[in-house]
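In: requesting a structural model of the entry that follows:
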Amino acid sequence: MRSFPPFDGLIAFEAALRHASVTRASAELGLTQSAVSHRLRKLEDFVGTPLLIRQPSGLCATPAGIALSNELAGLLDRMADFRALCRAAAPPPALKVGVGAALADYWLVRRLPDFAQTHPGIPVELAVREADTHARSADLDVAVLWQPVAGLRPTSTQRLLCREHVYPVCHPRLLPGQRPLTDVTRLKSLPLLHKGRTGEDRGVEWSWITWFERLGLGRPPPAEIRFATIATAIAAALAGNGIVLARSLLVQDALKDGRLVRVLPQSWDLPSSKAQIVRWPAAMAKDPRVKAFVRWILQIPKTPSD
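Out: Below is the predicted model of the structure:
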């Protein structure tokens, strides 16, 4: 009989390496940290060598771990397609579309009635989750993902939806005079909203330190309130609590409606280090519902109205 590696160990290894953290991997998998560590040890016992090492920046793969990761990515993608193969053979009535919570709430939900009107025979089931949990979700027909731009290219199973820009916005009452600001020094006296955990590895475009340095304002004041997600940070800005660094698609409608305004001229915008892509399983590539939804979402105007 062939000897197979522990499957739960492979899943734990992929999640731990992707997050560079056992803590974040355990949160994603719904397990305790000790359970994830135990599964990793079982996998390392099976291969007979360490697969992960701890560095100051987080978990990194050993040479053996890199070799395993390179093979594992394709394997998990193919396994994720098992369900798609069955759905392609006997498609359920509703098209299941996965999308991050922020993009769903601030952009897609407002546009879905147009899809329903133009495609009345294709019901859509929207699966709203955190942006980074869809990459290998086996239960989706189409996924909208926020992925690193580096190495991103169109393929037979994915298309670029939008390369977003990041810039500061706020409620109109915080800038009662001329806007966007012509005197950028006023930014020093306005409340700033911060997103993400302190020290979290994010693009420089999300750092108020980067923005203050670009504007020649020195260092920003320390964060008094920090929000875990961009969705709650934008909600705070809509409530008038401060200025938030936001992605263009997420504030497109609020800018058009006047619920938010730009703080700086557009020339200060920074490109996001991640982009929105649309991805679908290879087995669903010829499904007319998938093709219709992908064609529709790619055609939606994505230029912010300022």
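
In: how distant is stretch 97-104 from the center of its chain?
Out: Remark: stretch 97-104 is offset 9 Å from the chain centroid, using C-alpha atoms, centre = their mean, to the nearest Å.

In: alpha carbons only: can I get it in PDB?
Out: Extracted C-alpha coordinates of stretch 97-104, given in PDB (Å, rounded to 0.1, in the frame of the first residue of the first chain):
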ATOM      1  CA  VAL A  97     -20.200  34.100  -6.100                       C
ATOM      2  CA  GLY A  98     -17.700  34.800  -3.300                       C
ATOM      3  CA  VAL A  99     -16.600  38.300  -2.500                       C
ATOM      4  CA  GLY A 100     -14.900  40.100   0.300                       C
ATOM      5  CA  ALA A 101     -17.200  41.900   2.800                       C
ATOM      6  CA  ALA A 102     -16.000  45.400   2.100                       C
ATOM      7  CA  LEU A 103     -16.300  45.100  -1.700                       C
ATOM      8  CA  ALA A 104     -19.700  43.500  -1.300                       C
END
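
In: tell me the buried residues in that stretch?
Out: Of all the residues in stretch 97-104, those buried under the rule 16 or more other C-beta atoms under 10 Å are 97-100, 102-104. (Glycine included, C-beta is placed from N, CA and C.)

In: for this protein, which residues score under the pLDDT cut-off?
Out: 1, 80, 84, 87-91, 130-138, 151, 197-202, 303-306 (pLDDT under 70).

In: now residue 110. Nearest residue, chain neighbours left out?
Out: Nearest non-adjacent residue to residue 110, counting by C-beta to C-beta, 6 or more residues apart in numbering: residue 253, 6.1 Å away.

In: ok, that neighbour - how many residues close by?
Out: Around residue 253 there are 16 other residues, counting by other C-beta atoms under 10 Å.

In: distance from the chain centre to the helix or strand hosting it, please.
Out: Per DSSP states H and E: residue 253 is located in helix 248-257. Per C-alpha atoms, centre = their mean, the displacement of helix 248-257 from the mean C-alpha position of its chain is 18 Å.

In: do the same with stretch 41-56
Out: 28 Å.

In: stretch 236-245 too?
Out: 21 Å.

In: could you export that stretch as PDB, CA atoms only?
Out: C-alpha atoms of stretch 236-245 as PDB (Å, rounded to 0.1, in the frame of the first residue of the first chain):
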ATOM      1  CA  ALA A 236     -16.200  55.500  10.800                       C
ATOM      2  CA  ALA A 237     -15.300  58.000   8.100                       C
ATOM      3  CA  LEU A 238     -18.900  58.000   6.900                       C
ATOM      4  CA  ALA A 239     -19.900  58.800  10.500                       C
ATOM      5  CA  GLY A 240     -17.600  61.800  10.500                       C
ATOM      6  CA  ASN A 241     -15.000  60.400  12.900                       C
ATOM      7  CA  GLY A 242     -11.900  61.100  10.800                       C
ATOM      8  CA  ILE A 243      -9.900  60.700   7.600                       C
ATOM      9  CA  VAL A 244      -9.400  57.200   6.300                       C
ATOM     10  CA  LEU A 245      -7.100  55.800   3.600                       C
END
